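Enquirer: Build me a model:
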Amino acid sequence: MINHPAGPPARAGVDLDDGTPPRPGRGLAPLPARRRSRLRSHPRLARLTVLLAAFVCAACGLVYELELVALGDYLLGDSVTQTSVVLSVMVFAMGLGSLLAKRFAGRPATAFAVVECALALTGGLSVLALYSCWAWIGRYQAAMVGLTCLIGILIGAEIPLLMTLIQRIRREDAGRAVADLFAADYVGALIGGLAFPFLILPTLGPGDGAILTGAVNAVAGSAVVLWLFREEPAPRIRRLLWAGCALVLALLAAAAAGSDVIERAARHALYGGEVRYATRSRLQEIVLTGPAEGPLRLYLDGRLAVCGPDEYRGSEGLVHPAMAAGPDARVLLLGGGDGLALREVLRHRGVRSVHLVDADPALPNLARTDPGLSALGGHSLDDPRVRTTAADPMAWLRDAADGPYDVVLADLPAPADGGPVTFHSQEFYGLAARLLAPGGRLAVRAGGEADGLWRIESALRAAGLRTTPYAVPGSATATCRPAPADAAQDFLLAAVDRPPLTLAPDAPPPRALTPDTLRTSTTTLTTHRPPHPPPPLTLLGPR
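Expert: Predicted coordinates:
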């Protein structure tokens with residue numbers, strides 16, 4: 001954590017423990033002679049202990065930041081915005097905390113113990129608090145900024161106080177002391193940053209991971225410093241500090257014991273009383289609600305992704321026009337781990353193989369094992385023609401060695417529906433176009449916003465494809481969530497040569513589409529195409 005020590009460097013050769021009265025308002029409170037001799041008897045060990053505390057506290061501080069970033073990405077999407085908000089507010093607050101720490105430099109051990117207890121409690125409970133705000137209050141962003149600011153202020157106060165404690169143990173050149181302290185701080189941040197994605201998040205998740213981090217923070221920060229500088233506070237204050245540290249650990253333990261209850265109650269408030277499956281995978285939160293006989297609702301990171309009675313509109317709209325425009329023996333399905341678009345693909349008799357690539361293996365596993373969702377998807381994932389790969393679609397396309405494919409289906413949410421720009425960029429479509437066989441087609445879900453439709457079309461055209469826009473009337477979530485009477489879902493069909501828009505005779509007629517509705521929607525959308533299309537979505541372009 002980058003901080004700046006407070007206060008000017010002391011004069012060389014001056015020993016803070018020589019009993020000289022400090023200057024009023026700026027110096028350190030003198031230590032008792034017994035404590036001064038104890039510190040001098042093992043100065044290296046005491047100094048190493050303080051540096052170790054700085055190391056652990058820095059690791060914990062970075063884990064708090066990453067927990068907030070990850071939770072914001074899970075709940076709201078748009079990881080770039082969430083990361084920018086958390087980091088910018090955190091760095092500002094750290095500078096503010098460094099300035100505030102100067103007021104408490106006279107009692108650095110006492111102040112540091114209070115700061116670490118407050119930081120351990122705030123950071124440890126931050127994930128549960130924010131999740132509860134998101135579920136019950138809906139003011140998640142305001143709560144996130146407030147908590148981030150408070151955590152940043154407490155983190156920012158650490159380095160100035162630790163610097164003062166190190167100088168109290170043994171007076172030395174300020175440059176060397178700062179170098180050692182910052183080295184411990186930065187190495188700790190490195191360890192915390194690596195432990196979060198590879199250890200804490202996969203094994204504990206954001207909630208329990210933050211609680212455990214808070215417990216480590218309380219022990220390594222306040223307890224170690226209170227033990228080493230136990231002569232600084234008066235006996236009554238020292239007992240209060242130890243009691244406060246114990247209370248923080250007890251509250252964190254209680255939160256860990258009750259985290260499942262809190263999470264279930266929040267889900268009940270958010271999704272209703274029929275939550276049948278809920279998990280947080282490495283990539284997203286997956287919640288399935290509703291009785292086995294339906295209607296089912298599938299939420300991904302809080303976004304309603306599937307509404308059982310209406311899902312066919314989106315699945316049929318994506319699949320059937322693309323499958324009817326030419327050969328369909330080999331199909332690549334990007335996303336679609338719920339098995340619903342796959343169900344429509346397998347209804348075409350010409351299909352010989354389907355390769356499904358989804359970033360999160362937890363979703364296809366749920367679609368296979370849950371009776372209701374599996375039945376809704378027609379048990380499509382159990383079909384012997386289907387092969388699944390757990391990989392990020394963009395990364396998989398970049399390294400794909402197989403192909404070509406007659407049909408590529410991008411069953412990925414559009415940016416207007418909470419999807420990342422990555423999967424609708426010119427680069428993504430360029431990689432997908434490389435895998436198309438002669439006469440192959442690429443179908444894309446474009447959401448329901450006109451500007452988004454034309455930006456995605458611009459990206460497809462920039463990738464060298466010709467496009468045909470069309471729409472499916474009705475909302476794919478109307479039963480579960482009210483929608484306007486004229487709601488529709490937009491799609492794009494793309495190929496090297498302009499693909500025909502029709503329906504195939506080798507599959508059951510879809511419920512949401514007819515040749516006439518397809519042609520009418522294409523005519524309507526074409527007349528509304530802007531004369532100067534917006535620039536394509538790119539990985540480096542403006543959002």
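Enquirer: what secondary structure does Leu442 sit in?
Expert: strand (DSSP: H, G, I helix; E, B strand; the rest coil).
Enquirer: Pop out the phi and psi values for Pro499.
Expert: Pro499 adopts backbone torsions of phi -80, psi 150, taken as degrees, to the nearest 10.
Enquirer: Need the nearest residue in space to it, chain neighbours excluded.
Expert: Leaving aside its sequence neighbours, Pro499 sits nearest to Ala325 (C-beta to C-beta, 6 or more residues apart in numbering; 4.3 Å). To be clear about C-beta, it is placed using only N, CA and C from the backbone, and glycine gets the same treatment.
Enquirer: what's near enough to touch that neighbour?
Expert: Applying C-beta atoms under 8 Å, 6 or more residues apart in numbering to Ala325 gives the contacts 441, 493, 495, 499-502.
Enquirer: after the helix-or-strand element of the chain with minimal mean pLDDT comes which helix or strand?
Expert: Across the helices and strands of the chain, mean pLDDT, DSSP states H and E gives its lowest value to helix 33-41, namely a mean of 50. Scanning forward in sequence from helix 33-41 by DSSP states H and E, the next helix or strand is helix 43-76.
Enquirer: in what helix or strand does the residue nearest to Thr468 when sequence neighbours are not counted lie?
Expert: In this structure, Thr468 finds its nearest non-sequential neighbour in Leu493, 4.7 Å apart by C-beta to C-beta, 6+ apart. Per DSSP H and E: Leu493 is located in strand 488-495.
Enquirer: neighbouring strands for that strand, and are they parallel or not?
Expert: With DSSP bridges as the test, strand 488-495 is paired with strand 436-447 (antiparallel), strand 466-473 (antiparallel).
Enquirer: wait, which of these is closest to Tyr299?
Expert: strand 436-447 (17.7 Å; C-beta to C-beta).
Enquirer: What residues of the closest one count as buried?
Expert: 436-437, 440-447 (16 or more other C-beta atoms under 10 Å).
Enquirer: my guess is Arg390 contacts Ala362, does it?
Expert: Just so we're on the same page, residue 390 is Ala rather than Arg. No - Ala390 lies out of contact with Ala362 (C-beta atoms under 8 Å); the separation is 9.1 Å.
Enquirer: Now do the helices in the stretch 301-450 of the chain.
Expert: 311-324, 340-345, 362-369, 371-376, 393-399, 426-434, 450-462 (DSSP state H, counting those that start in this stretch).
Enquirer: quick one on the thing from earlier: now for the buried residues of strand 436-447: which two are most distant?
Expert: Checking the buried residues of strand 436-447 with C-beta to C-beta, the most distant pair is Ala437 and Gly447, at 27.5 Å.
Enquirer: Could you point out which residue ranges in the stretch 301-450 of the chain have low pLDDT?
Expert: The stretch 301-450 of the chain contains residues with pLDDT under 70 at 416-419, 448-450.
Enquirer: Oh, that last question was meant for the chain, not what I typed.
Expert: For the chain (pLDDT under 70), the answer is 1-41, 76-78, 273, 292-294, 416-419, 448-450, 541-543.
Enquirer: the longest helix in it is where?
Expert: Longest helix in the chain by number of residues (criterion: DSSP state H): helix 235-271.
Enquirer: Now do it: which elements does it pack against?
Expert: Packed against helix 235-271 by the contact rule (3 or more C-beta pairs under 8 Å, 6 or more residues apart in numbering; DSSP states H and E) you find helix 108-132, helix 201-217, helix 224-228, strand 275-280, strand 285-289.
Enquirer: Any idea which of the ones you listed gets closest to Leu300?
Expert: strand 285-289 (6.2 Å).
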